[in-house]
Each structure stands twice: as structure tokens, then as C-alpha cells.
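1. Compute the structure for the input listed below.
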Amino acid sequence: MLDAFQQLLVTSGERSATLDAVAAAAGVSKGGLLYHFASKDALVEGLIGRVQAFVEADDERMRTAEEGTVDYVIRSSVDSGSPFDEALIAMSRLAQGSHEEARTALASFRARWEAAIAASVGDPAIARTIMLVSDGLYYNSTVLGARETRDTRDGAMDELIAVLSRLTPESGPAESSPH
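-> Purely as a prediction, here's the structure:
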């Protein structure tokens, strides 16, 4: 049911993700949906929880990445069509609409990523710059649908990471937690 809600958000937007549409997409009765998710707000909470779990796993991978936090962040900024990407896009659709909870959660996730980068590079301004580069890569791959662009061609990511490394001290994965 949560998968159906997520898919409707991604493909049709928030207005189309009604309880009736979610139930139909999930192949259950509306009563069956309401048994598990008593309201659309409950579906939103479920999606936020799903994305939170993805963010926690991503945060761990980022902090322990063999090539370092910055390398991980940049290389993983291109939409891969993964379950994490799909859930994040669905949540973004909610944030663009009327769901303050989704906006607040996305801001929290973003702050978590930026704190991990700052812990790794030792400078909040450089961390913010890396986040903005990451945002641009993600925007190009999700909104523009450009998974294969000059930003992702052979060697382009290496070039970008080399440029960013000029801004950052030599560091491996961050050992301290920003929390």
C-alpha cells in the first residue's frame, strides 16, 4: 500500500494520490487500506519513516566510504532509480504540496548530510558548497532526466571530485558523528 502511494506520488503527483487511488493501485479495498493507514496523513508518516530509514543507511555508507565522504556524496548524487531515489522523489512531491511534515523531514535529512560532510572536510562553508554541487547533480538527473550527461561521462566525476578536493583537506571517512 505504501508502495502504491509512493508510485502515485512519483508518477501523478500529490493530488492524484487519493485514498481511493492508492487502494486501487495497491489492489485492496479502501477499507483494507484504512485498516493499515487510517488516513492520508498516516500514509505520509509511513513514507517519511521509509525515507528516514534510507537516510540512516545512506549516512552510515557516507561516513564509512573507503574513498571518503565527499567522493561518496558526489558519486551518489546522480539518480539511480533506486528505491531510495524513488522514495525521496515521492517525498519531494509532498513537500512541494501541502505537507509541512515532509518539508521539515527533508530539511532535517539535508542538515544531517551537510553535517556529515562538514565533519569530514572541517569547514561548514565548503560542506555547503559540496551540498550545492550534489543538489545540482541530483536535479539534473531527476528533474531533467539526464542520468547520462557530460556530468556523468567517463572521467567527469573524477574531474569534479578532484576540483572539490582542492577545497578540502586530505581526509578519509569521518569518524565523529554530528549528532
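
2. Point to the residue nearest the middle of the protein.
-> Centroid check for the chain by CA atoms, centre = their mean gives L88 as the closest residue, at 4.5 Å.

3. any low-confidence regions in the chain?
-> Scanning the chain for pLDDT under 70 picks out 79, 145-154, 169-179.

4. what do you get if the cut-off is 90, keeping everything else the same?
-> 63, 75-82, 97-98, 136-162, 165-179 (pLDDT under 90).

5. what residues are up against L34?
-> L19 (CB atoms under 8 Å, 6 or more residues apart in numbering). For every residue, glycine as well, the C-beta is placed using N, CA and C.

6. Can you name the helix or strand that it falls in?
-> helix 30-36 (DSSP states H and E).

7. and G136, what element?
-> Per DSSP H and E: helix 124-142 holds G136.

8. One more: A4?
-> Per DSSP H and E: helix 2-12 holds A4.

9. buried set for the next helix or strand along the chain from that helix?
-> For helix 2-12, the following helix or strand on the C-terminal side (DSSP H and E) is helix 19-26. Residues of helix 19-26 classed as buried by neighbour count (16 or more other CB atoms under 10 Å): L19, V22, A23, A25, A26.

10. would JSON lines of these with distance to L47 be doable?
-> Shown next, in JSON lines, are the buried residues of helix 19-26 (distance: CB to CB, whole Å):
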{"residue": "L19", "distance to L47": "14"}
{"residue": "V22", "distance to L47": "11"}
{"residue": "A23", "distance to L47": "16"}
{"residue": "A25", "distance to L47": "14"}
{"residue": "A26", "distance to L47": "14"}
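
11. Of those residues, just say which sits nearest to F5.
-> V22 (4.8 Å; CB to CB).

12. any idea of the angle the longest helix along the chain forms with helix 2-12?
-> Assignment by DSSP state H gives helix 40-64 as the longest helix of the chain. On the basis of axes from the mean of the first three to the mean of the last three CA atoms, to 10 degrees, helix 40-64 is oriented at 90 degrees to helix 2-12.

13. Pull out the buried residues from the helix or strand following helix 40-64.
-> Where DSSP H and E defines the elements, the next helix or strand beyond helix 40-64 is helix 69-75. Neighbour counts over helix 69-75 (16+ other CB under 10 Å) mark T69, V70, D71, Y72, V73, I74, R75 as buried.
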